[in-house]
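1. Task: produce atomic coordinates for the following.
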Amino acid sequence: MRIRAMGMLPLAVGAIAGSAVAQNPPAQTARTVVAATKLPTVTDAPMYFTVASVELAPGMKSSVSKASGILYQLTGSTEVSLAGEVKKINAGEGLLIGAGKTAELKSGAEAPSALLHFFLVPAADLDKSAETAPAVVKEVYRTTAPIPDLQPGGYDLNLTRVTFPAGMPSNAPHHRSGAALYYVLSGTGANTIEGKVISRPPGSFIYEPFDLVHQWGNPGNEPLTFITFNINPEGVAAVLPGAPKKTQ
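-> Residues are numbered from 1 along each chain as shown. Sure thing, here's the model as predicted:
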């Protein structure tokens, strides 16, 4: 009887190990909406994506008034005064500043503040300054042409942070219902366009207009994290499978 009991032990251990594996599934894609709003129309004028990098020395103040935009805090912290309210955003957080709104920014006292400010801007406002001095402001991205295929009606505008787990295969070919602009925060992505795989390291901007069929994967050993400034028709998924349907 003793020998039989010992012979059963590996089976029990195997069952426990199998149970542990079942309780630890592979890592999944994580998505966090940083900030979002709804726009009643985007067809009154040609629209562009632009991005400004903003740096504020400790304790310094600046103001901003431009088209609809979303701040994303890279390092440090910033107090944002908007419509009588004050909100502090830390690294990895963001805040919407709507068109026609004026906000005051104040860097934290302990360290410089570094932000990215994503804008959806009409052509007439492209060259208007973003934050005022003493902020150090530099435009780091601008679409070369207006965002194509925008339709009458309401749109959703949001900034979303996405993390792909290490070793994730490329997802299925897809396209945007509106348009999106990516910024890679960490890791290196594999971006497939027309059968060509392009490496996307940290600091890369990737523009995805409506008709761009593409794929994303993460062949690396570390998670891939990026933020997406996205516009899509209200009530329509931001990402649609395959290629867009051809209109007659």
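
2. The strand or helix carrying Leu157 - contacts with which helices or strands?
-> Assigned by DSSP states H and E, Leu157 belongs to strand 155-164. Judged by 3 or more Cβ pairs under 8 Å, 6 or more residues apart in numbering; DSSP states H and E, strand 155-164 is in contact with strand 30-39, strand 69-75, strand 224-233. C-beta here means a position set from N, CA and C on the backbone, and glycine is covered the same way.

3. Tell me how far Ala35 lies from Asn221.
-> Relative to Asn221, Ala35 is positioned 31 Å away (Cβ to Cβ, to the nearest Å).

4. Of these two, which one has the most company?
-> Legend: neighbour count by other Cβ atoms under 10 Å for Ala35 and Asn221, higher for Ala35 (20 against 8).

5. hang on, the earlier thing: with Tyr141 as the reference, name the closest of the helices and strands packed on strand 155-164.
-> Relative to Tyr141, the nearest member of the helices and strands packed on strand 155-164 by Cβ to Cβ is strand 224-233, separated by 9.7 Å.

6. thinking again about what came up before, would you turn the helices and strands packed on strand 155-164 into TSV with distance to Met60 and mean pLDDT?
-> Formatted as TSV, these follow (distance: least, Cβ to Cβ, whole Å; pLDDT from 0 to 100):
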stretch	distance to Met60	mean pLDDT
strand 30-39	23	96
strand 69-75	15	97
strand 224-233	25	98
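
7. now the ones you listed as CSV including distance to Thr163?
-> Below are the helices and strands packed on strand 155-164 laid out as CSV (distance: least, Cβ to Cβ, whole Å):
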stretch, distance to Thr163
strand 30-39, 4
strand 69-75, 15
strand 224-233, 5
